[in-house]
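Peer 1: Return a 3D structure for these sequence lines:
(chains A and B)
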Amino acid sequence: MTSATASRHGANKGIKGLSNKRTRTSVLVVLVLMAFYACAPLWWLVVSVTKTRVDLYNTNGLWFGHSNNLIQNFQQLFQYENGLFFKWMWNSILYAGLGSLVCMVISLAAGYSLSKYKYPGRSIGMGLVMCSFLIPAALLTMPMYLMFSAVHMTDTIWAVLVPFFINAFDVYLAKVYIDGSVPDELLEAARVDGAGEFYIFSKIVLPLLSTPAATIFILTFVLNWNNFYLPIVMLRGSDKWTLSLGLYSFMQTKQNALFDPTTIALAGAVLSIVPLAVVMIAMQRYWKSGVALGSVKG
Amino acid sequence: MSAVSTSVPASSTAKPVAKTPAAARENKTPSWQKRLGYKGALFGVPFFVGFLFVFIIPLFYAIYESLFKRQSSGLGIGEPTLHFSGLAQYARVMQDHDFWVGMGRVAIYSVVVVPIIMGFALAEALLIDSAKARAKKSFRFILLIPYMVPTIVSTLMWVYLYSPDIGPLRKFFLLFGLDVNFFSAGMLWVSMANLLLWTQVGFNMLILYGSLTALDPALLEAARVDGASELRIAWSIKIPQIRGSMLLTGLLSFIGMLQLFDQPLLFRSASPQTVTANFTPIMTIYNYTFTAGGDYNYAAALSVVLAIVIGILSALIYGFSNRKK
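Peer 2: This next block holds a predicted model:
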């Protein structure tokens, strides 16, 4: 308040500067506290992964233990069930990566179709896409499981991949982007030149869509990587599990413990962060634009 | 290629596919338009076929299953047979005490927790917005770090942090003479709320901060010239301007929280006494499908009811927020 009155009267600049400085300092202090809240748990995780089991239970959680056990912990994780962890890592990358890649292509094509062509049923299709936002996907998982088990598709990678291929929100994003950035004249000109429709899409339109393509890929990748409900419903055999399912199984075995899986669970948790963080940081620009595009929708 | 294709209609044998639309175009028949439309529809086929199989059919299949009842024969041998049971499963849902307790639990919980998360995210966004340029960038990145952690990893991490054996939090509170059991019936909600806050605040901050940077700088400058304090500017200008995106992100968090599953399931492995098998509606559905003998028909009825409840609630909130706008 003092700064407000001071500046209004155009008086003492010193007071204003001082109070301004005080505001800035307090803003900074609160931000540092919030940053501490965001990072401290991860610091605990990183520190804990270097500890022996004994140190884990007996030493200060926020600092390193008496001896560095990092390599042994990772070794133990990698040797668990003959390297099952690598299998989970590969599965996660496969489901999230291939799932998002195929989803991206399907969504761009569908968005292009809905945006640039007129045919009977188009507006119904668009209406279905919009309506499906309201129905939570998790509720369809159970009936989908029953359908898939009728055709013996459960407990195969397709039970997870196929639902990942279809994402109505991505189609919506693609359509909105194509509406705004692919001019009809361009398509007309290509048709006058005698280009076929598939040729126009793949050689002329797709190169214009690198931004929505990357945005759809990254948003879907994060969604798929974090999806826990679909894999836990569909997959039984541990060789098809994702990282999330594997980590959950570590936590489950703790109860009827012949051995304490805490150290390998922590090591697995640290490694599970890496792929998602790498993809997110590498494609930062795109998921920010995706968030912006998503919020425009409202 | 496009340079070549101009001459294609003349040399008709070279490229018959490309010829058809161009040649038809010269006649300007409406059938050409129609054919173009059908070709364009083909681009949508992969999506809509998939959509049919993972969306429409499961939806109707759930409704269909919910109208039947599986009955095993009196001796308990052989395949159980399906009997049409009308709305009997729904009558059972209505009387399912555990399910509705779970439903009420997540509903009340969302109403309490979502505003806390949104408030925290708003505070972060406003603070970052008023920091200096270089600090802005680094804090925005640091505060987003929890969002880059996979859901299961963050849950697992907090379950261990809360753990009475290896978690540092209990030791910390013991310094103040408080012996806190984070998994006790009373504390469980606080523990889970903290986990959800930690995981979700970053993403919401990003959206709100995005809308803050889109505000007209002239407006803020005018307020400053008039001598308004930063706090006043935040309260009277910034917050009202970004209310639209706050409502949207709040609604999305709300819908997400009604489907709470991952976090309570992991909490359950740490504390099965306080986190019951039917803790949330989705957990109940999962439970009936896989652990309680596979009562699919009843699980289907539960799914349909949950979808309807979520649909009604989100429509109510959406309508309410639109009217206020």
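
Peer 1: Domains in the chain, by residue range?
Peer 2: Picked chain A for this. A:2-75, A:80-297 (automatic domain parsing).

Peer 1: if you could check chain B rather than the one you did, that'd help
Peer 2: B:2-66, B:91-324.

Peer 1: Could you say which helix or strand holds residue B:102?
Peer 2: Residue B:102 is part of helix B:97-130, with elements assigned from DSSP states H and E.

Peer 1: Tell me the helix or strand right after that helix.
Peer 2: Assigned by DSSP H and E, the successor of helix B:97-130 is helix B:133-144.

Peer 1: So what touches the helix or strand that comes right after that following helix?
Peer 2: Per DSSP H and E, the first helix or strand lying C-terminal to helix B:133-144 is helix B:151-162. With C-beta atoms under 8 Å, 6 or more residues apart in numbering or on different chains as the test, helix B:151-162 has contacts from A:41-42, A:44-45, A:48, A:61, A:226, A:228, A:243-244, A:247-248, A:251, A:262, A:265-266, A:269, A:272-273, B:146, B:149, B:166-170, B:182-183, B:191, B:194-195, B:198-199, B:262-263, B:266-267, B:269-270. The way it works is simple: take the backbone N, C-alpha and C, and place the C-beta from them, glycine included.

Peer 1: Now helix B:151-162 - C-alpha only, PDB.
Peer 2: Extracted in PDB, the C-alpha atoms of helix B:151-162 (Å, rounded to 0.1, in the frame of the first residue of the first chain):
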ATOM      1  CA  THR B 151       1.600 -41.200 -12.100                       C
ATOM      2  CA  ILE B 152       2.600 -44.600 -10.600                       C
ATOM      3  CA  VAL B 153       6.100 -43.500  -9.800                       C
ATOM      4  CA  SER B 154       4.900 -40.400  -7.900                       C
ATOM      5  CA  THR B 155       2.300 -42.500  -6.000                       C
ATOM      6  CA  LEU B 156       4.900 -45.100  -5.100                       C
ATOM      7  CA  MET B 157       7.300 -42.400  -4.000                       C
ATOM      8  CA  TRP B 158       4.800 -40.800  -1.700                       C
ATOM      9  CA  VAL B 159       3.600 -44.100  -0.300                       C
ATOM     10  CA  TYR B 160       7.300 -44.700   0.700                       C
ATOM     11  CA  LEU B 161       7.600 -41.100   2.000                       C
ATOM     12  CA  TYR B 162       4.600 -41.700   4.200                       C
END
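
Peer 1: for the record, mean pLDDT for it?
Peer 2: Here helix B:151-162 scores 92 as its mean pLDDT.

Peer 1: Can you list the low-confidence ranges for chain A?
Peer 2: Applying pLDDT under 70 to chain A picks out residues A:1-19, A:138, A:254-260, A:287-298.

Peer 1: Kindly provide the distance from the residue most central in space within it to residue A:286.
Peer 2: Taking C-alpha atoms, centre = their mean, the centroid of chain A lies closest to residue A:222, which sits 1.1 Å from it. The spacing between residue A:222 and residue A:286, counted by C-beta to C-beta, to the nearest Å, is 11 Å.

Peer 1: how many other residues sit next to residue A:21?
Peer 2: When neighbours are defined as other C-beta atoms under 10 Å in any protein chain shown, residue A:21 has 10 of them.
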